[in-house]
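Student: sequence plus predicted model, see below.
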Amino acid sequence: MKIYKEIQRTCKSTYLDKTFCDICKLEIKNNDSRTMDDIIIESELGNDYGEYGGDKEVLSFDLCRKCWNDKLVPWFKDQGANPQSENVNW
Ligand SMILES: [Zn+2]
């Protein structure tokens, strides 16, 4: 027979509190639950060795909408990139 007793545990967990733009350093605020201003540019470069595992480096930048529109998009276009644009409604 096992007898269980109830204990209270205190645990710490991490959650995303704030995000700052890596270019202008301003906080990226989602002013309400309907705003979506999260722009993440991320690369994952590495090797996959199948059953032996793998390795990769994940490099990411967080950007605000203003820096994305005023700096990154023009820079990509200046480099000759043509963005794909799609409007999504749900
Ligand atoms: Zn910014």
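Tutor: Sure, I can see it. Numbers count the residues shown, from 1 in each chain.
Student: and residue 80, what pLDDT?
Tutor: Confidence at residue 80, expressed as pLDDT, is 97.
Student: any weak-confidence spans in this structure?
Tutor: 31-33 (pLDDT under 70).
Student: show me what from it comes close to the ion.
Tutor: For the chain, the residues in contact with the ion (C-beta under 5 Å from the ion) are 21, 23, 24, 64, 67. Glycine gets a C-beta too; all of them are placed from N, C-alpha and C.
Student: which among the residues you listed end up buried?
Tutor: 21, 23, 64, 67 (16 or more other C-beta atoms under 10 Å).
Student: so which of the residues of the chain next to the ion sit within helices?
Tutor: Among the residues of the chain next to the ion, the ones falling in helices (DSSP state H) are residue 67.
Student: so which elements touch the helix ranked longest in the chain?
Tutor: Scanning the chain for the helix with the most residues, using DSSP H, yields helix 73-78. Where contact means 3 or more C-beta pairs under 8 Å, 6 or more residues apart in numbering; DSSP states H and E, helix 73-78 is not packed against any helix or strand.
Student: contacting residues around that helix?
Tutor: residue 83 (C-beta atoms under 8 Å, 6 or more residues apart in numbering).
Student: kindly export that helix (C-alpha atoms) in CSV.
Tutor: Provided in CSV are the C-alpha atoms of helix 73-78 (Å, rounded to 0.1, in the frame of the first residue of the first chain):
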residue,chain,number,x,y,z
VAL,A,73,13.0,45.7,-46.8
PRO,A,74,14.7,48.5,-48.7
TRP,A,75,18.1,46.8,-48.1
PHE,A,76,16.9,43.5,-49.5
LYS,A,77,15.4,45.3,-52.5
ASP,A,78,18.7,47.1,-53.0
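Student: which residue is nearest the centroid of this structure?
Tutor: residue 40 (4.6 Å; C-alpha atoms, centre = their mean).
Student: partner strands of the helix or strand hosting that residue, parallel or antiparallel?
Tutor: If you go by DSSP states H and E, residue 40 is part of strand 39-48. With DSSP bridges as the test, strand 39-48 is paired with strand 54-63 (antiparallel).
Student: alpha carbons of the strand it pairs with, as PDB, please.
Tutor: C-alpha atoms of strand 54-63 as PDB (Å, rounded to 0.1, in the frame of the first residue of the first chain):
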ATOM      1  CA  GLY A  54      23.800  16.700 -35.700                       C
ATOM      2  CA  ASP A  55      24.700  20.200 -34.900                       C
ATOM      3  CA  LYS A  56      23.600  23.600 -35.900                       C
ATOM      4  CA  GLU A  57      24.000  27.200 -35.100                       C
ATOM      5  CA  VAL A  58      20.800  29.200 -34.700                       C
ATOM      6  CA  LEU A  59      21.200  32.900 -35.400                       C
ATOM      7  CA  SER A  60      18.200  35.200 -35.000                       C
ATOM      8  CA  PHE A  61      17.300  38.900 -34.900                       C
ATOM      9  CA  ASP A  62      14.200  40.500 -33.500                       C
ATOM     10  CA  LEU A  63      13.000  43.500 -35.400                       C
END
